[in-house]
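In: okay, here's the prediction I keep looking at, along with the sequence it came from:
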Amino acid sequence: MNEFINYVRSEPGLDRLVRALLERYIQLGRIGGSVRLTNLTTAEKESLSLFFRKDYGHQASATISFKAFEKALLQTKFSGLSTHDILSEYAGEKVYTRIESEEHHQRQKDRYFESLKTSHPDQADWIDYIWKKGRGTRAIHQLYDENPGGLAETIDYVCRALSNLPSPQQYERLPLFAQKITQNPHAFDLDQHGGRILLHALQFRLWKEDVLPYIQGTLNSEEANELFQTFGLLRDDILNFVTCTGLKGETRYGEHAVLQAAQQMKTVLNLPLREVSRLTSCQPFSGNTVFIVENSGVYSELLDRWPFHEPPPLLCTHGQFKLAALTLIDLLVAGDTFIYYSGDFDPEGLLMAARLMNRAPDRVHPWRFSAEDYAGCQSNVTLSKDRLAKLEKVDLFPLLPAKRAILKTKKAGYQEKLVDSLLKDMKKILL
């Protein structure tokens, strides 16, 4: 065998042929079929001609079967060697077919997840969900393929995190929680495997309790913030804020004095999540209506032009909803407040309006989202096909006229041109 392998490696054509036969065997799972060698060199043609006793000198390529190789082998002193043994010796190790390798890999993986379940019995149902490739687990399986040891370590401290979540109605800042669990304050950051896998585990808990309809593979920053807060973890409670005027609120210690003072001083507040989380209730100072705009310029213009002594109940989200805004809106809705929301006429703006309306269908109303309003604030900014495709997700009846108008013109519309109408509506509803 050693003599034959040395012979094969010394002959360029035969070396290339046996290597191709080995690859064919691994892919096919059995000895059979043929391989094609293209762009043969002169040296390769000579060694093939010698072994097969056939002239390959005038061929640029050659198709050679296992059967032809074995037949030629019988005409040599190496006739007693089996093809399978030759391939294994040439490879330098036991050769497994693709199917055998996959089966071996799966057996190892099964033992791996069984061991994790044994080590973490309290989280066995979640680990089993991953093992069976449930929704949202693709990235976890990719991490297993890249670094099974690293994944085991990550799952270990995610399981410890799940067993040490804050008590109900208590909060911990995520970096401090991560430091306590892993000795690394960044272990559960969103750009780390630990953060993404912890989010999956938290979604799994809510899904099992029928709180979530399904588990998402990826979450945006605000969705992640909201999920963490559901389990008492605050990712950022200072820079996460909502701007407001005209609101009053209660904490468990009584009236929120800063909101009260802001109303008296006609002061605009940037209310961080840290403070919003302290509120147990929130309402407008007068009436039962609050207005929301997402653009800070529009917000300031409305306040500048508000002609009355008391500031209006008005919120600004500064673009996409942060958790501070969503939490405050939930408190307002719980207090039977009606909410009017105004945003831009583009796919993202309509999706934001739809998100808020779905959050509280009986309390949130689209504000100046008609086709006529769109016509009055249409710009010359052309929307790309990719952005327009997002409108497929907008299916709420009050937003359909605007959706159809945008799809027809393919232009964006901006709420800055609606300030006069917005101000008129506020006066009419509040006075």
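Out: Here it is on my side, so go on.
In: helix, strand, or coil at the residue nearest to the spatial centre of the chain?
Out: The chain has Thr218 as the residue nearest its centroid, 1.5 Å off, counting by Cα atoms, centre = their mean. Judged by DSSP: H, G, I helix; E, B strand; the rest coil, the three-state class of Thr218 is coil.
In: need the per-residue pLDDT for it.
Out: For Thr218, the pLDDT comes out at 89.
In: and Glu223, by the same measure?
Out: 86.
In: excluding chain neighbours, what is closest to it?
Out: Among residues not flanking Glu223 along the chain, Gln216 sits closest, at 7.6 Å (Cβ to Cβ, 6 or more residues apart in numbering). (C-beta placed from N, C-alpha, C; glycine too.)
In: so which bits of stretch 116-136 are buried?
Out: Neighbour-count burial for stretch 116-136 flags 116, 120, 123-124, 126-127, 129-131, 134, 136 (criterion: 16 or more other Cβ atoms under 10 Å).
In: thought Leu430 was touching Pro312?
Out: Yes. Because the distance of 6.2 Å satisfies Cβ atoms under 8 Å, Leu430 is recorded as touching Pro312.
In: these two: which is more packed in?
Out: Set Leu430 next to Pro312 and count neighbours by other Cβ atoms under 10 Å: Pro312 wins out with 22 against 18.
In: list the residues that contact that one.
Out: Going by Cβ atoms under 8 Å, 6 or more residues apart in numbering, Pro312 touches 245-246, 291, 302-303, 306, 426, 430.
In: tell me which of these fall in helices.
Out: 302-303, 426, 430 (DSSP state H).
In: Pro185: which of those residues is nearest?
Out: Using Cβ to Cβ, the shortest approach to Pro185 within these belongs to Leu303, at 39.0 Å.
In: any idea how far that closest one lies from Val293?
Out: 10 Å (Cβ to Cβ, to the nearest Å).
In: all helices of the stretch 1-150 of the chain, in order?
Out: Remark: helices assigned in the stretch 1-150 of the chain by DSSP state H, counting those that start in this stretch are 2-10, 12-28, 42-52, 66-73, 83-91, 98-119, 124-131, 138-146, 148-162.
In: got those as JSON lines, with mean pLDDT columns?
Out: Conversion of these to JSON lines gives the following (pLDDT from 0 to 100):
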{"stretch": "helix 2-10", "mean pLDDT": "93"}
{"stretch": "helix 12-28", "mean pLDDT": "90"}
{"stretch": "helix 42-52", "mean pLDDT": "93"}
{"stretch": "helix 66-73", "mean pLDDT": "94"}
{"stretch": "helix 83-91", "mean pLDDT": "89"}
{"stretch": "helix 98-119", "mean pLDDT": "88"}
{"stretch": "helix 124-131", "mean pLDDT": "96"}
{"stretch": "helix 138-146", "mean pLDDT": "94"}
{"stretch": "helix 148-162", "mean pLDDT": "96"}
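In: tell me the domain ranges of this structure?
Out: 2-95, 101-234, 241-430 (automatic domain parsing).
In: quick revisit: any chance of JSON lines for the ones in helices among the contacts of Pro312, columns pLDDT?
Out: Shown next, in JSON lines, are the ones in helices among the contacts of Pro312 (pLDDT from 0 to 100):
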{"residue": "Leu302", "pLDDT": "97"}
{"residue": "Leu303", "pLDDT": "97"}
{"residue": "Met426", "pLDDT": "97"}
{"residue": "Leu430", "pLDDT": "93"}
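In: from the residues you listed, pick the one nearest Val333.
Out: Nearest to Val333 out of these is Leu430 (Cβ to Cβ; 18.5 Å).
In: where exactly do the strands run in the stretch 151-300 of the chain?
Out: Here the stretch 151-300 of the chain has its strands, by DSSP state E, counting those that start in this stretch, at 172-173, 233-234, 241-245, 247-251, 254-255, 269-272, 279-284, 289-293.
In: mind listing residues that contact the fifth one?
Out: Under the criterion Cβ under 8 Å, 6+ apart, residues 248-249 lie in contact with strand 254-255.
In: mind checking the pLDDT average for that strand?
Out: 95.
In: quickly run through the sheet partners of it, with directions.
Out: Here strand 254-255 is paired, per DSSP bridges, with strand 247-251 (antiparallel).
In: can you pull the buried residues of the partner strand?
Out: 247-250.
In: may I have it as PDB, with CA atoms only?
Out: Provided in PDB are the C-alpha atoms of strand 247-251 (Å, rounded to 0.1, in the frame of the first residue of the first chain):
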ATOM      1  CA  LEU A 247     -48.900  66.400  31.400                       C
ATOM      2  CA  LYS A 248     -49.400  65.500  35.000                       C
ATOM      3  CA  GLY A 249     -48.500  62.200  36.700                       C
ATOM      4  CA  GLU A 250     -48.400  60.200  39.800                       C
ATOM      5  CA  THR A 251     -45.600  58.000  41.300                       C
END
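In: please state the offset of it from the chain centre?
Out: Computed by Cα atoms, centre = their mean, to the nearest Å, the chain-centroid distance of strand 247-251 equals 35 Å.
In: what's the local residue count around the nearest residue to Glu3 once chain neighbours are set aside?
Out: Nearest non-adjacent residue to Glu3, counting by Cβ to Cβ, 6+ apart: Phe78, 7.7 Å away. For Phe78, the count of nearby residues is 15 (other Cβ under 10 Å).
In: against Glu23, how distant is Phe78?
Out: Distance from Phe78 to Glu23, by Cβ to Cβ: 21 Å.
In: again with Lys266
Out: For Lys266 relative to Glu23 (Cβ to Cβ), the value is 78 Å.
In: ditto for Ala334
Out: Using Cβ to Cβ, we find Ala334 at a distance of 66 Å from Glu23.
In: what's the neighbour count on Thr97?
Out: Neighbour tally, Thr97, other Cβ under 10 Å: 14.
In: sorry, back to before: how near is the residue nearest to Glu223 to Thr230?
Out: Gln216 sits 14 Å away from Thr230, going by Cβ to Cβ.
In: same deal with Leu396?
Out: Remark: distance between Leu396 and Thr230 (Cβ to Cβ) = 25 Å.
In: so who does the residue nearest to the centre of the chain touch?
Out: Arg196.
In: fine by me, we can end here.
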